[in-house]
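Novice: sequence unknown, structure follows:
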């Protein structure tokens, strides 16, 4: 259990290499570590709860690839990480506010599957995302054919980067791409 391990350690700039291989709970692990600039590779392969793991880490710019394939809770995982430019994940279930405030995010790589839950996949704050990153997300979307249509909010800036054929990757899997989330 790594939950709350470094919560509110506002002067912490880095963490040491940790053996996290058996960890399942990473809830609030680095919440509000406002001076954190780097983290080592963490073995998160057994992790199920990633909620608020990096919440309010405004000086963190990149994180090594995280194995999130067992994860079920990603609520606000990267919320308020305003300097984070690169995120590499395996699979995830979209959760409310997962990428909220990630205004510097350019590179988002997903090597597994994204399950869209409750229409919570919102990347509209990440207007700097590359086309390759947007395609990584669209290609990783779980096939939703024959199920209730899900909505993904990319924002007008990100949508403008995509061709009709690229947008069709999502629509062919039964997703709607939106410009802005309704208030």
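Specialist: Yep, that arrived. Owing to the predicted nature of the structure, the values given are computational and were not obtained by experimental measurement.
Novice: which stretches of the protein have low pLDDT?
Specialist: Low-confidence segments of the chain (pLDDT under 70): 181-183.
Novice: can you show me the helices along it?
Specialist: 131-140, 156-161, 164-171 (DSSP state H).
Novice: so which of the ones you listed is the most packed in?
Specialist: helix 131-140 (a mean of 18; mean count of other C-beta atoms under 10 Å). Placement of C-beta: from N, CA and C, glycine included.
Novice: by how many degrees do it and helix 164-171 diverge?
Specialist: For helix 131-140 against helix 164-171, the angle by axes from the mean of the first three to the mean of the last three C-alpha atoms, to 10 degrees is 40 degrees.
Novice: name the nearest residue to residue 100, ignoring sequence neighbours.
Specialist: Excluding the flanking residues, the one nearest residue 100 by C-beta to C-beta, 6 or more residues apart in numbering is residue 79, at 4.4 Å.
Novice: the one you found contacts residue 99, doesn't it?
Specialist: Yes: contact criterion C-beta atoms under 8 Å: residue 79 and residue 99 qualify, at 7.4 Å.
Novice: could you measure from residue 109 over to residue 5?
Specialist: Residue 109 sits 26 Å away from residue 5, going by C-beta to C-beta, to the nearest Å.
Novice: of these two, who's got more company?
Specialist: The neighbour count for residue 109 versus residue 5, taken as other C-beta atoms under 10 Å, is higher for residue 5 (18 against 15).
Novice: nearest spatial neighbour of that one, skipping sequence neighbours?
Specialist: Closest residue in space to residue 5, ignoring its immediate chain neighbours: residue 29 at 5.1 Å, by C-beta to C-beta, 6+ apart.
Novice: repeat that for residue 144.
Specialist: In space, and not counting its chain neighbours, residue 144 is closest to residue 174: 4.0 Å by C-beta to C-beta, 6+ apart.
Novice: mind listing what the one you found touches?
Specialist: Residue 174 sits next to 143-147, 149-150 when contact means C-beta atoms under 8 Å, 6 or more residues apart in numbering.
Novice: and it, how far is that from residue 157?
Specialist: Going from residue 174 to residue 157 by C-beta to C-beta gives 24 Å.
Novice: what do you get for residue 145?
Specialist: To residue 157, residue 145 is 28 Å away according to C-beta to C-beta.
Novice: repeat that for residue 55.
Specialist: Distance of residue 55 to residue 157, given as C-beta to C-beta: 24 Å.
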